[in-house]
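Q: A structural model of the following input is requested.
(2 chains)
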There are 2 protein chains.
Amino acid sequence: MKFEKIPSIAVTRLAVYARKLEHLDQKGEEVVSSVRLADICRINPAQVRKDLAYFGQFGIRGLGYYVKGLLLEISKILGLDREWHFGLVGVGNLGWALLKHAQSVKKGYSFVAAFDKRPNRIGLKVGDIRVEPLESMKCMVKEKGVEIGVIAVKPEWAQDAADRLVSAGVRGILNFAPVELNSPASVSIENVDFSLKLGVLCYRLTTAKSKRHHITSKLGA
Amino acid sequence: MKFEKIPSIAVTRLAVYARKLEHLDQKGEEVVSSVRLADICRINPAQVRKDLAYFGQFGIRGLGYYVKGLLLEISKILGLDREWHFGLVGVGNLGWALLKHAQSVKKGYSFVAAFDKRPNRIGLKVGDIRVEPLESMKCMVKEKGVEIGVIAVKPEWAQDAADRLVSAGVRGILNFAPVELNSPASVSIENVDFSLKLGVLCYRLTTAKSKRHHITSKLGA
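A: Residues are numbered from 1 along each chain as shown, chains lettered A, B, ... in the order given. Below you'll find the model as predicted:
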């Protein structure tokens, strides 16, 4: 396993493969060819083969890859084989939805703390988690072992939320606020931005309407 | 403008450029070099130059691109220069969050209809929108001109929601349910999957901890 040689631009694709492999596994499929996986993931087959070359030992000449074996190895690389502790900042509609979603999926990650600046949110409970004021963040992050902060506050409060998380020792942030966040280089930030997906959808609909979709579909999405 | 020559794999990157250009525009920056834009977007500079070659006329030799001009052209291609009509299926926590978010950003897309199968949701109002039963979908999609369906239901109801949208004439779907949806080839589906982003974050934290992050950061994210 050549862990250390995987460029991080390929990691996003690994996450896509993991999702699709899981789906195949659930359907009881044991082996998948790189061409089929490429087709399912809508990624160039040559790219898929290059990415999967890191997992050479799971290939079966002329057949493809063992679904379960490949999934397990990718999960290890993505750190999905262990539980990660999340802390939520901002318990509005989206925050509630995320907390409830995490409780329903139980898939390697769980929220262990939640914070809000609004007095009427403090003390609310979702399962075992009690919403705490921002001032308790430093202490709670240590006590509960929060590793990843999830920001679901209004755009104007997002940078403050990020600063507080970083200062409390959190090194990974998933940001749902539609703004760019500044952080030290040692902190990893991933943005979840629905509007990017909307742009892609609107483009496809526009080109489909003008009967230009045959050009785009040739190249995959 | 060579609209028809843009492969759809590049469209996702255009959406990223649009977001970053908007940010630069808000900061009052008038010109951006391809190297700087690549750096901000964490995309290979050669790739950025190749993508932006579609917009040749906005380049200024030796300087870069006019931020406003480039943003406008990309927005046109992504269909963000006009308003798109959305219909929401599933008015739970996430659904409410999306409706409220759309009302607050007012950026080319607006929800014009919302549906739920639960009797206690029917009749609720968010702004001008009244939550309707699924049975009204066909009629409402036509009446309100819904172009894109947003699925925010539980995983087990997502396929039914997609089937109803497609049968009502919707050709674009943004799916927030963590499941694979089947649809005719004429329908475009984009999945918003937080777990992919989490996989990337967990990988970065794992490698950072084991002091291997210098290998990945060289190649960008």
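Q: hang on, residue A:143 in a helix?
A: Yes: judged by DSSP: H, G, I helix; E, B strand; the rest coil, residue A:143 forms part of a helix.
Q: mind giving me the packing neighbours of the longest helix along chain A?
A: With DSSP state H setting the assignment, residue counts place helix A:8-26 as the longest helix in chain A. Contact here means 3 or more CB pairs under 8 Å, 6 or more residues apart in numbering or on different chains; DSSP states H and E; on that basis helix A:8-26 packs against helix A:34-41, helix A:45-52, helix A:67-77, helix B:194-209, helix B:213-217. Heads up, the C-betas are built off the backbone N, CA and C, glycines and all.
Q: any idea which helix or strand comes after that helix?
A: strand A:31-32 (DSSP states H and E).
Q: who wins for proximity to residue B:149 among the helices and strands packed on helix A:8-26?
A: Between residue B:149 and the helices and strands packed on helix A:8-26, the tightest spacing by CB to CB is seen for helix B:194-209, at 19.7 Å.
Q: can you list contacts of the closest one?
A: Under the contact criterion CB atoms under 8 Å, 6 or more residues apart in numbering or on different chains, helix B:194-209 has outside partners A:8, A:11-12, A:14-16, A:18-19, A:77-80, A:84, A:98, A:101, A:107-109, A:147-148, A:171-174, A:186, A:188, A:190-192, B:178, B:213, B:215-216, B:221.
Q: how does it look with 7 Å?
A: A:8, A:11-12, A:15-16, A:18-19, A:77-80, A:84, A:109, A:147-148, A:171-172, A:174, A:188, A:190, A:192, B:178, B:213, B:216 (CB atoms under 7 Å, 6 or more residues apart in numbering or on different chains).
Q: these two touch, right, residue A:162 and residue A:151?
A: Yes: here residue A:162 reaches residue A:151: they are 6.4 Å apart, a contact under CB atoms under 7 Å.
Q: give me the common contacts of the two.
A: In contact with both residue A:162 and residue A:151: residue A:173, using CB under 7 Å, 6+ apart.
Q: those two: which is more packed in?
A: residue A:151 (27 against 24; other CB atoms under 10 Å in any protein chain shown).
Q: low-confidence ranges, chain A, go.
A: A:1-9, A:55-58, A:103-107, A:209-221 (pLDDT under 70).
Q: need the longest strand for it.
A: strand A:109-116 (DSSP state E).
Q: could you name the helices and strands sitting against that strand?
A: Using 3 or more CB pairs under 7 Å, 6 or more residues apart in numbering or on different chains; DSSP states H and E, the elements in contact with strand A:109-116 are strand A:84-89, helix A:93-105, strand A:129-133, helix A:137-144.
Q: could you chop chain A up by domain?
A: Listed by automatic domain parsing, the domain ranges of chain A are A:3-77, A:84-195.
Q: list the contacts for residue A:51?
A: Here residue A:51 is in contact with A:10, A:13, A:14 (criterion: CB under 7 Å, 6+ apart).
Q: tally of neighbours for the last one?
A: Which is residue A:14. Other residues lying near residue A:14 total 24 when counted by other CB under 10 Å.
Q: between the helices and strands packed on strand A:109-116, which one is nearest to chain B?
A: Between chain B and these, the tightest spacing by CB to the nearest CB is seen for helix A:93-105, at 3.6 Å.
Q: can you give me how far the longest strand of chain A is from the chain middle?
A: 16 Å (CA atoms, centre = their mean, to the nearest Å).
Q: and after that strand, which helix or strand comes next?
A: Proceeding N to C from strand A:109-116, the next assigned helix or strand is strand A:125-126, under DSSP H and E.
Q: that next one pairs with which strands?
A: strand A:129-133 (antiparallel) (DSSP bridges).
Q: list of residues touching the strand it pairs with?
A: Residues contacting strand A:129-133 (CB under 7 Å, 6+ apart): A:91, A:99, A:111, A:113, A:114, A:115, A:116, A:121, A:122, A:123, A:124, A:140.
Q: can you tell me which of those is nearest chain B?
A: Ranked by distance to chain B (CB to the nearest CB), the contacts of strand A:129-133 are led by residue A:99 at 8.6 Å.
Q: near the closest one, how many other residues are there?
A: For residue A:99, using other CB under 10 Å, the count is 23.
Q: chain neighbours aside, what residue packs nearest to it?
A: In space, and not counting its chain neighbours, residue A:99 is closest to residue A:126: 4.6 Å by CB to CB, 6 or more residues apart in numbering or on different chains.
Q: again with residue A:136
A: residue A:115 (7.2 Å).
Q: equivalent analysis for residue A:63, please.
A: For residue A:63, the closest residue by CB to CB, 6+ apart turns out to be residue A:31, at 5.5 Å.
Q: bridging residues for that neighbour?
A: residue A:66.
Q: ok, back up a step: nearest to residue B:64, of the domains of chain A?
A: domain A:84-195 (19.2 Å).
Q: and the closest one, end to end?
A: Across domain A:84-195, the terminal residues are separated by 27 Å (CA to CA, to the nearest Å).
Q: now swap in stretch A:76-90 and tell me
A: 30 Å.
Q: ok, and for that stretch, which residues are buried?
A: A:77, A:78, A:79, A:80, A:84, A:85, A:86, A:87, A:88, A:89, A:90 (16 or more other CB atoms under 10 Å in any protein chain shown).
Q: ok, and which of those residues reach chain B?
A: Among the buried residues of stretch A:76-90, the ones lying near chain B by CB under 7 Å from any CB of the partner chain are A:77, A:78, A:79, A:80, A:84.
Q: who's in contact with the third one?
A: Residues in contact with residue A:79, defined by CB under 7 Å, 6+ apart, are B:202, B:203, B:205, B:206.
Q: in these, which residue is surrounded by the most others?
A: Highest count within these by other CB under 10 Å belongs to residue B:202, 27 neighbours.
Q: secondary structure class for the nearest residue to that one once chain neighbours are set aside?
A: Of all residues not flanking residue B:202 in the chain, residue A:79 sits nearest, at 3.5 Å (CB to CB, 6+ apart). Of the three states, residue A:79 takes coil according to three-state DSSP.
Q: just to revisit the earlier point, which one of the contacts of residue A:51 is nearest residue A:155?
A: Once CB to CB is applied, the member of those that ends up nearest residue A:155 is residue A:13, at 29.5 Å.
Q: I'd say that closest one and residue A:44 touch.
A: No: between residue A:13 and residue A:44 there is no contact under CB under 7 Å: 10.2 Å.
Q: of the two, which one has the most company?
A: residue A:13 (18 against 13).
Q: what about the residue lying closest to the more buried one once chain neighbours are set aside, distance to residue A:12?
A: Distance criterion CB to CB, 6+ apart; nearest residue to residue A:13, sequence neighbours excluded, is residue A:51 at 5.6 Å. According to CB to CB, to the nearest Å, residue A:51 and residue A:12 sit 10 Å apart.
Q: got any residues that touch both of the two?
A: Between them, residue A:51 and residue A:12 share no contacting residue under CB under 7 Å, 6+ apart.
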